[in-house]
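Asker: pasted the sequence and its predicted model underneath.
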Amino acid sequence: MERIAAQLGRAVQGKPTQVQDVVTCLVAGGHLLLEDVPGVGKTTLAEALARACALSFARIQFTADLLPADILGAQVFHAPTATFTFRPGPLFRQLVLADELNRAPPRTQSALLEAMAQGQVSMDGNTLPLPAPFTVVATQNPVDFSGTYPLPDSQLDRFLMRLSLGPPAPDVEARLLSTRGAHAPLDAVEAVSGPEEVSALRAHAAGLRLDDAVAEYVVRLAVATREHGDIERGASTRAVLALGAAARARATWEARDFVTPGDVRALLVPCWAHRVLLRSAVQGVSARDEAAHLLEEIARKVPAPR
Amino acid sequence: MSARPLRLRLVLRDVGAGAAFASMAVSGQLPLWTLGLFGLALALALLGKRVFARRAKLTAVLLLGVAAVLALQVMSGAMNMVVAACAFAGLIAAHRMLSQPDATADGQTNLAGLLMVAGGAALSGDMVYGACLIGFGVLSSLALALGVVEGAVPEGEPVPVRGVLRPLSSGLAFAVAGAVAFFVLFPRLNWTVVGPRSAPGLGAATAGFSDTVRLGGAGTIKGNPRVVLRATLTPDPGLDALGAYWVGRTYDTFDGQEWTSVGAPQKSGESIILRPGSETLVHQRVELLPAYGGRTLVALEMPARLGNALVHTSLGTRRTVVQRLGGGEVRFVESGISYTYEAYSLPPNAEEGSTGKLSRAEHDQLLALPEGLDARVAPLAAKVLDGEREPLAAARKLAAWLQREYGYTLELSGEVADPVADFLFTRKAGHCEHFATALTLLLRTQGISARLATGFFGGERVDGAYLVRAGDAHAWTHVLVPGRGFVTVDATPPAHRPTQSSAFVQRLLALYEALESRWRNSVVDYSFRDQVDAARALVRPPRGSEERTPSRLPPLRAWVTAALVAAVVYRAWRALSRWKRRARPMEATRFVDAVEARLAQGGPPRRQGEALEEFSARLAREGHPLTPALTPLTRRYLEARFGDRPLVTGEAARLLESLNRALEADAARRRAP
């Protein structure tokens, strides 16, 4: 994991925490939603991840006229044999970058989301498995909403984590200016891992010990979100499970074989901020900020096990 | 504490205090006016009228007055010190109940309740006291717990009464069960409680068998249905109503008012032989209950041998000796709450009755007449007998005549100069003692030896044993028949011999007496010996049950006991190991508490709500000099708490020591430049 993160750090400079979270999400076996303004390196990060782990990669640019068949693949008539053969779409990759997911119509979104939830694609009565470890990294622009189809809550819930990168620090930007012209940043990324290793990491993380006290802590946090006055709908059971899985993955960073309350607290905002529905009508970035703020307040209020 | 106290809590508190007061009151020793005052206060408090709420200090002066009254009574010797202290505790509780119900008043009410319960233990120790004690414990615990919860709930929010009461009730049930288990299993030691212990239960019955027989007196004798005696007979006659004479003692000398006997106290011993026995004696195992109130042994007419006695006192049960007194009376030497003994009596209708051993003086008294006996008595007897000289036939003729011509009444005649003449010639009505005295004297005037016998008549079969009640007390006549000895002749009309009271009251009292006796045997008198007996009974079959198939294997009972013990041990071991496993994280928690306390003393500043884990990680990021000490320590804590790798013995101290060294080095470094 350290190696993967180091490679990502070469491509996206000055963001160690976010890079760590991205790898955590990959190890936890979840899908990632990157939410930020254009031009901060979302796409670069996803591509670098694919390269570092030597995963097969596809990038789908979501637009308003994108149809499900465009991403899933289609039955094509093969004239010499007079049969239909299935030509897989770009979704049949291990790492799929769904760029500007909210620009596609809901029909296409849900086709992608079914694939995310089930790890398989159903077409014309056939069920086709997707290559493991299947991971979707979706991006979305939270500021410019014109001509978009906002993701419904149920679909947001499918993403394990939501991250935003934010602009890099000034000195990092300056270094970028001076070095970028010579070579593309992605060329610096070397394949240091493989799909098998990612799968093995996932299996290892899933087997880590989660003490009863920590499990109870997660549940108490969830209950606190459900009972909070400013939150319309609190964390779901899937959210509870997601936080547990993410905390397990994070524990591997410190070569621990058990989860601590600190793991839970560190991932509380990335895992839950997009899942809670606020009472106030704000949307987009401010809604996320508000949710993050409330979750931090809850984390302070709910006593952690000692 | 919120502005309006919870009503349920106050009711629980006040009823709890009431139970504590009742635990003293059941002894019957508290003065009546304190009962009244406390009852009034309790009623007012339950109605929510706290009349002393505004002037708590001023009204406390009333207590001083009460204290003065009690002190006067103690000094004048009218009241026991302990009783006075108990009464005062009750009145303090009453005053606190009527005060403003704040935390202080709650505490004082509960404290006074504890004092009252302790006082109740000194005054009595019977079953009702036990019930009151448990009632106080349960109610006050509930009230206290509700008070704590009420204090913790923010103002304006409802108190979760239901949510609190349910776990609390199960906890209380568990505590009571634990107390019972402790009582049963913990080795018992005997102790004595200093204080004027009253006899348990309702005390001795006020009417019934007494030491002397005195005619006259005023008022009405009331039939008292309390059970004074319980006996098992072998061979068991199997009758529902035994209708037998249970003799306590006999009298031979009458002075015109009162019967006494001339016999002197004789030897004492484990058992007393009154007359030679025959081969077919009726064996009785008799229990004299607290309502009996005397020390005289009672047995079926005619007793041959009495003894093998146990006395039950508040200090336990022990063997005791009995002493023979004049008049064929056998007494316990020691006084106790109740007694058990064995007696052998001649079978009823035994033709070969025996006089037993009578001294010369006693023999001479059988014909003695009081001085100043009314002159009309002898002619009356002669007239009724009409020449009948045979003693038994004469006695029966006179008895039949008395039963026919005279009325039965429980109303006493009042003090009269000559009760016998009053009965025979004026009132022509009386109770059993009048009939028996009259018959005895009428016989003596005709030269027939006779004496008065007192005891009980009756015997009602309940659960295989025969019960005799206080109201069954009776008097009759023994006629000396030459060659046969004393023969019982009863002059009282047969319809008036047994107890006169309603069947319902009798049943109710029988139930109470049974409960009370069980309480006394299995709680008050529960001793180390009982524990050993119970343990032995678990392993061995009870004595007397014949082992049908002798075998080398232990009996089934022993197997069952062994299995039960094994199950209990296994469950205890499981619970203990679970507890130990849970105790380890607690150890880690204590460790982290110590670390955090140490860091708060001299460590780098921490952000609000920052756990040790995050604090340590932040210091590591910042490259703080404490990192080399703090990081492994934090790691070990997390492993011990959440990673199932508990701290080994002494590790916590070692880690703390390294932290101390690092903190001191850090402080020195900061001072240096």
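Answerer: Thanks, I have it.
Asker: for chain A, what are the nearby residues on chain B?
Answerer: Proximity of chain B to chain A (C-beta under 8 Å from any C-beta of the partner chain) is limited to residues B:585, B:589, B:592-593, B:608-609, B:611, B:613-614, B:617, B:638-639, B:641-644. No exception for glycine: its C-beta is placed from N, CA and C like everyone else's.
Asker: okay, who's weakest in those residues by pLDDT?
Answerer: In terms of pLDDT, the lowest of the residues of chain B next to chain A is B:Pro585, showing 62.
Asker: can you list the low-confidence ranges for the stretch 151-300 of chain A?
Answerer: Across the stretch 151-300 of chain A, the ranges flagged by pLDDT under 70 are A:180-185, A:281-285.
Asker: do the same with the stretch 101-250 of chain B
Answerer: Screening the stretch 101-250 of chain B residue by residue with the criterion pLDDT under 70, one finds the ranges B:125, B:188-212, B:215-225.
Asker: whatever residue of it ends up closest to chain A: which element?
Answerer: Nearest residue of the stretch 101-250 of chain B to chain A, counting by C-beta to the nearest C-beta: B:Glu157, 13.7 Å away. Following DSSP states H and E, there is no helix or strand that holds B:Glu157.
Asker: which secondary structure elements does the helix or strand hosting B:Ser577 sit against?
Answerer: Here B:Ser577 is covered by helix B:556-602, with elements defined by DSSP H and E. Using 3 or more C-beta pairs under 8 Å, 6 or more residues apart in numbering or on different chains; DSSP states H and E as the contact criterion, the elements in contact with helix B:556-602 are helix B:528-539, helix B:612-622, helix B:627-642, helix B:651-671.
Asker: now do it and helix B:627-642, the angle between them.
Answerer: For helix B:556-602 against helix B:627-642, the angle by axes from the mean of the first three to the mean of the last three C-alpha atoms, to 10 degrees is 150 degrees.
Asker: what distance separates the lowest-mean-pLDDT helix or strand in chain B from the middle of the whole chain?
Answerer: Least confident helix or strand of chain B, by mean pLDDT, DSSP states H and E, is strand B:213-214 with a mean of 72. Distance, stretch centre to chain centre, for strand B:213-214: 32 Å (C-alpha atoms, centre = their mean, to the nearest Å).
Asker: buried stuff in the helix or strand just after that strand?
Answerer: Moving toward the C-terminus from strand B:213-214, the first helix or strand encountered (DSSP H and E) is strand B:227-234. Buried residues in strand B:227-234, counted by 16 or more other C-beta atoms under 10 Å in any protein chain shown: B:Val227, B:Val228, B:Leu229, B:Arg230, B:Ala231, B:Leu233.
Asker: which strand residues bridge the first one?
Answerer: Applying DSSP bridges to B:Val227 gives these bridge partners: B:Arg469.
Asker: dump the residue contacts of it.
Answerer: For B:Val227, the contacting residues are B:Leu289, B:Ala291, B:Leu467, B:Val468, B:Arg469, B:Ala470, B:Leu509, B:Ala510, B:Glu513, taking C-beta atoms under 8 Å, 6 or more residues apart in numbering or on different chains as the criterion.
Asker: okay, now the second one: neighbour count?
Answerer: Just to be clear, that refers to B:Ala291. B:Ala291 is flanked by 25 other residues according to other C-beta atoms under 10 Å in any protein chain shown.
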